[in-house]
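*Asks:* Please work out how this folds:
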Amino acid sequence: MKTIYLFFLLLLSLSITQCTKPGPKIIERPVYGLQNTKTIEIAKIILTDSATILYIDAYSYPETWIRIDSATYIQADGKKYIITGADSIELNKEHWMPESGETHFTLFFPPIPKGTKTIDFIESDCDNCFKIWDIDLTGKAKAYKPSLPDNVLNYKTNKDYKLPEPVFKSGRTKVTLYLTGLKDGYAIGEPELSVENIIAQERDEVAGKKESDGKYTFDIDLYSTSTGYLFCNNISIKVILNPGEDMEVYYDATAFSKRNSRYNPQPDLAFGGFTGGLSELNTQLLQYKDSVIAYNFMLHAYWDLSDPAILDMDSEQYLDYIFGLYDEKIQKVEKSDLPQAMKQIVKYNLKSSLINNISLKHRVYELSYRKKNKLDWNKPVEKTLPKATEKDFLALKKLDLNDPMLVYSDDLSYTILNLLNSKPADLSIEEITDTKSGYFQDMEKVSKIIKKGFLLEELTSDDEKKLSEASTPYYKEVYTQIFEKSKREQEAALAKGGFMIESTPVVTNDKILESIIAKYKGQVVFVDFWATWCGPCLMAMKTIKPIKPQMKEKGVVSVYISGETSPKGKWTSMLPEIGGLHYYLTDLQWGALEKKYNIDGIPTYMIFDKNGKKAFETTGYPGNDKILEELSKVW
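*Replies:* The predicted model follows:
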């Protein structure tokens, strides 16, 4: 009897065990830590005895593509599990986004050990591949504490703070960047500070100096209150700087990812802040970035006003339309709960945008025409579209263009250039601003003169006179400082060597390139059209570096052509790293080449055979394999 009883208990135990055997574990929209992209999100993870399955939601612009590499893996407790397959996307192939800008696919990986608490998703080990760390599989993710100073963590917005009066003087400013919350494999590239120089209407750029892991310093000469950006690969931080006022920037990348997670946002999580100069303003800009961008975007010459209804408007109706939009946005901003300083920033951006919508009236009409007729940008508009008239520009009197607070708007240099280059030649700035002197008048007189400092050109007596006639004498000081800095950069580069600066042939502008190529007849010539401010140009120069020895061995002559949009001192300072033969063209010479060879962007590359005949041309770097393939046809 006892034996039968024990046998019955054993059967019952086995039955219970069989009935309670766990099925697949499903984690819906898991919480994770650092991610280097907002393009892909993990919608669901299923863990089984035979596989780990990731359901991916992808978001991007229509007519763009994403790609998942076959070297993709998940990582658990330091071990890699390579992808085994995919559904609804083909590995290593371009996957084009639909009109909705959203797509979905599934990725399969080997099973991971039971009890694994977190995994990392690594779409191969390239710098820009999709990566997501610390994906929680427990449903009990611990609260994340950002590695930030207490005063940054406990920052409270002062909603009554207003923009200070801008500073117009020369001064050297030091910016220190502290990056925390990073992971191995999270590429920050080479941190750079790019600042708008509204006096010279240029962008001044300076590379960060690495002091220690996560700490970088930037020293830059400023000539006024200036807007700039700190770039670290996919991190972009807007900063407003004053000459001579140092600033510290703190940014926790994991906290930023968690705060802005699409599926599990933590909007109250502190992720960054500032100390030092203009710290209150910059911290507000960091925290209210999305709101400020949303308001700015409401009145933009290229996107927001792509309205086919504009095509039926006459000049008076167009003015009523854009001023009506402007007034509507200003009222909306006033009623918003943004802090006072952010409201001011938006207002000045809207004012700058309105100026552009008049200066670039022809562009607004063109965009609207293309939108209505579904006309690609590579096809001409076979219709005469209206340009801004004198009456349009005189309407700007309402805006007080000489308000110095406009320096707080984004891309003021761009706005000034648009106005000065688009206004009728016989219409003076004094008439447009309704004042005899002011900022716009100064820029018309001095900006081209100050640019001579970048080009290492001495001032003429006429230049000296124009500078003395400006509303403030400090423009001469700005020119002198830029000239001396450019000279120092050039001397330092020349001392390093490793390159040659060639004289531009003395021929008509449209014959310059063929004259350059003729100098190297009998050799294959690789030509690179570039500029110091062109990020893709500089990235391509790094990419091509490994094949340069092979090109040199085969007798290929590398020729680099740049122009006056590249400050000469900075241009020269970059040449030792690039090597090769360099030509520096004037704006007129560059423009003639653009027109003759239909160069519509940079970087542009050309390959000429040993007889001087063009064998290949492309805009945008096509990759080392393609360059070698084309060179091999002619060397």
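
*Asks:* So Leu222 sits against Val195, correct?
*Replies:* Yes - in terms of CB atoms under 8 Å, Leu222 counts as a neighbour of Val195; the distance is 6.9 Å. (Each C-beta comes from the backbone N, C-alpha and C, glycine too.)

*Asks:* Which neighbours do those two have in common?
*Replies:* With CB atoms under 8 Å, 6 or more residues apart in numbering applied, the overlap between the contact sets of Leu222 and Val195 consists of Leu241.

*Asks:* Might you report the residue contacts of Thr116?
*Replies:* The neighbourhood of Thr116, defined by CB under 8 Å, 6+ apart, consists of Ala76, Asp77, Leu137.

*Asks:* how far away is it from Asp77?
*Replies:* If you measure Thr116 against Asp77 using CB to CB, to the nearest Å, the figure is 7 Å.

*Asks:* do the same with Leu325
*Replies:* Taking CB to CB as the criterion, Leu325 is separated from Asp77 by 56 Å.

*Asks:* More neighbours: which of those two?
*Replies:* Each of Leu325 and Asp77 had its neighbours counted (other CB atoms under 10 Å), and the higher figure belongs to Leu325 (19 against 11).

*Asks:* So that one belongs to a strand, correct?
*Replies:* No - the assignment for Leu325 is helix, going by DSSP: H, G, I helix; E, B strand; the rest coil, so no strand is present there.

*Asks:* now the helices for the stretch 101-250 of the chain?
*Replies:* In the stretch 101-250 of the chain, the helices defined using DSSP state H, counting those that start in this stretch lie at 150-153.

*Asks:* Check which helix or strand Gly591 maps to.
*Replies:* Assigned by DSSP states H and E, Gly591 belongs to helix 587-597.

*Asks:* Partner strands of the helix or strand following that helix and their direction?
*Replies:* Tracing the chain C-terminally past helix 587-597 and defining elements by DSSP H and E, one meets strand 604-608 next. With DSSP bridges as the test, strand 604-608 is paired with strand 525-529 (antiparallel), strand 614-619 (antiparallel).

*Asks:* contacting residues around the first one?
*Replies:* It stands for strand 525-529. Around strand 525-529, the neighbours that count as contacts under CB under 8 Å, 6+ apart are 513, 517, 537, 540-541, 551, 556-562, 593, 599, 602-608, 612, 627, 631.

*Asks:* Poorly predicted segments of this structure, please.
*Replies:* Along the chain, the parts satisfying pLDDT under 70 run over 1-22, 295-306.

*Asks:* Now do the domain split for it, please.
*Replies:* Per the record, the chain has its domains at 25-136, 150-283, 294-436, 497-632, by automatic domain parsing.

*Asks:* end to end, how far does the second one reach?
*Replies:* Start and end residues of domain 150-283 are separated by 14 Å (CA to CA, to the nearest Å).

*Asks:* most residues in a single strand of the protein, which one?
*Replies:* Using DSSP state E, we find that the single longest strand of the chain is strand 171-180.

*Asks:* in the stretch 301-450 of the chain, which spans are helices?
*Replies:* 315-335, 340-359, 361-373, 390-394, 412-422, 429-433, 439-454.

*Asks:* List the buried residues in the second one.
*Replies:* Of the residues in helix 340-359, those buried by neighbour count under the rule 16 or more other CB atoms under 10 Å are 341-359.

*Asks:* Could you export that helix as PDB, CA atoms only?
*Replies:* The C-alpha trace of helix 340-359 is given here as PDB (Å, rounded to 0.1, in the frame of the first residue of the first chain):
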ATOM      1  CA  GLN A 340      11.100  84.200 -20.600                       C
ATOM      2  CA  ALA A 341      14.600  83.700 -22.100                       C
ATOM      3  CA  MET A 342      13.300  80.900 -24.300                       C
ATOM      4  CA  LYS A 343      10.400  83.000 -25.500                       C
ATOM      5  CA  GLN A 344      12.900  85.700 -26.400                       C
ATOM      6  CA  ILE A 345      15.100  83.200 -28.300                       C
ATOM      7  CA  VAL A 346      12.100  82.000 -30.300                       C
ATOM      8  CA  LYS A 347      11.000  85.600 -31.100                       C
ATOM      9  CA  TYR A 348      14.400  86.500 -32.500                       C
ATOM     10  CA  ASN A 349      14.600  83.300 -34.500                       C
ATOM     11  CA  LEU A 350      11.100  84.100 -35.900                       C
ATOM     12  CA  LYS A 351      12.300  87.600 -36.800                       C
ATOM     13  CA  SER A 352      15.400  86.200 -38.500                       C
ATOM     14  CA  SER A 353      13.200  83.700 -40.300                       C
ATOM     15  CA  LEU A 354      10.800  86.400 -41.500                       C
ATOM     16  CA  ILE A 355      13.800  88.300 -43.000                       C
ATOM     17  CA  ASN A 356      14.800  85.200 -44.800                       C
ATOM     18  CA  ASN A 357      11.300  84.600 -46.200                       C
ATOM     19  CA  ILE A 358      11.600  88.000 -47.800                       C
ATOM     20  CA  SER A 359      15.200  87.800 -48.900                       C
END
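
*Asks:* Show me what it is packed against.
*Replies:* Under the contact criterion of 3 or more CB pairs under 8 Å, 6 or more residues apart in numbering; DSSP states H and E, helix 340-359 touches helix 279-287, helix 289-296, helix 315-335, helix 390-394, helix 412-422.

*Asks:* Adding distance to Thr64, write those out as a markdown table.
*Replies:* Compiled in a markdown table, the helices and strands packed on helix 340-359 are given as follows (distance: least, CB to CB, whole Å):
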| stretch | distance to Thr64 |
| --- | --- |
| helix 279-287 | 27 |
| helix 289-296 | 20 |
| helix 315-335 | 29 |
| helix 390-394 | 36 |
| helix 412-422 | 25 |
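
*Asks:* out of the ones you listed, nearest to Thr103?
*Replies:* Across the helices and strands packed on helix 340-359, the minimum distance to Thr103, taken as CB to CB, is reached by helix 289-296, at 23.8 Å.

*Asks:* The closest one to helix 315-335, inter-axis angle?
*Replies:* Here helix 289-296 runs at 150 degrees with respect to helix 315-335, directions being taken by axes from the mean of the first three to the mean of the last three CA atoms, to 10 degrees.
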